[in-house]
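Enquirer: predicted structure and sequence below. I'll ask about it afterward.
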Amino acid sequence: MDPSVVRTPPANEQENQEAINFRISVAKYQKLVAIVSVVLMAIGGSVFGLGVQFRPVLRLVWDHHRWIVSLGSDSMLMSGIFQIVNAGFCSFTANWRLYFPIYIGLSFTICLIVFELSSIVVTIYLASQLSTFVSEFVHRPWYIWECHEAGSCLEAYKRYNYFYAFPQVVLTVVAIILQCVIFYYLYTLLIVLKTRKQQIWGSNKRQSDDMEETNC
């Protein structure tokens, strides 16, 4: 055997067990993140779809109040889109297993939760100000389609809230809970990766010390 070739000594039983536990832990958290992400994507699509159905309510409000109602509607629409994007990105980062993407996923999840909470507050505020925003003097065809059928434009606006806005709020609350779960799994996965890196560094240091002692 060529003496210039340095062969790495075989890993001991403890190191092999650490490697097995690491792979099992990583696979478990990757699967959990993927499952929760799929559910979050479904909720995000539902929130977006309900937001699209809620948009026609803008024709029932006064022109000078339309911007704030549009703000509430658009914030819920964006929440649905962001939920889908965040779920996909977090699932991707869990499988990539690199520190920096996981940190981005954690940061984006926190920002999205704050945005969703603000969207919920705006939606609830709009629901509490119906008599202020609703106009009974809308364009005649819209009045016939919306207000006349419901009895008044105020009742038509309430229907939009009951069937579209309030379900959005409930689904967004569920999405926030799921995002907290994803945050926990990603953070735990990050700790597992850092722990494994320290184990490898310690194992390499021990092997290096053993080689030095052997050479001496």
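Expert: That came through fine. Numbers count the residues shown, from 1 in each chain.
Enquirer: show me what contacts T195?
Expert: Contacts here follow C-beta atoms under 8 Å, 6 or more residues apart in numbering; on that basis T195 touches nothing. Placement of C-beta: from N, CA and C, glycine included.
Enquirer: change the start of the numbering to 91 and stick with it
Expert: Done: numbering now begins at 91, and the last item shifts to T285.
Enquirer: helix or strand for it, which one?
Expert: Taking DSSP states H and E as the definition, one finds T285 inside helix 256-305.
Enquirer: report the contact partners of the residue nearest to V142 when sequence neighbours are not counted.
Expert: Distance criterion C-beta to C-beta, 6 or more residues apart in numbering; nearest residue to V142, sequence neighbours excluded, is L167 at 7.1 Å. The contact partners of L167, taken as C-beta under 8 Å, 6+ apart, are 137-138, 141-142.
Enquirer: relative to I192, which of those residues is nearest.
Expert: V137 (25.2 Å; C-beta to C-beta).
Enquirer: and P231, what pLDDT?
Expert: Here the pLDDT value assigned to P231 is 75.
Enquirer: quick one: least confident helix or strand in this structure?
Expert: Least confident helix or strand of the chain, by mean pLDDT, DSSP states H and E, is helix 230-232 with a mean of 70.
Enquirer: other SSEs contacting the next helix or strand after that one?
Expert: Heading C-terminal from helix 230-232, the first helix or strand you meet, by DSSP H and E, is helix 239-240. Helices and strands touching helix 239-240, by 3 or more C-beta pairs under 8 Å, 6 or more residues apart in numbering; DSSP states H and E, are helix 243-250.
Enquirer: for the helix it packs on, which outside residues touch it?
Expert: With C-beta under 8 Å, 6+ apart as the contact definition, helix 243-250 has outside contacts at 144, 146-147, 150-151, 220-221, 223-226, 228, 233, 236-237, 239-240.
Enquirer: let me see the mean pLDDT of stretch 254-265.
Expert: Stretch 254-265 comes out at a mean pLDDT of 95.
Enquirer: would you check that H229 makes contact with R149?
Expert: Yes. Here H229 reaches R149: they are 7.2 Å apart, a contact under C-beta atoms under 8 Å.
Enquirer: these two: who's more crowded?
Expert: Using other C-beta atoms under 10 Å, the more surrounded residue of H229 and R149 is R149, with 18 against 9.
Enquirer: okay, buried residues for stretch 114-123 please.
Expert: 115-116, 119-120, 122-123 (16 or more other C-beta atoms under 10 Å).
Enquirer: dump those residues to TSV, plus distance to A109.
Expert: What follows is those, written out as TSV (distance: C-beta to C-beta, whole Å):
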residue	distance to A109
S115	11
V116	11
Y119	16
Q120	16
L122	21
V123	21
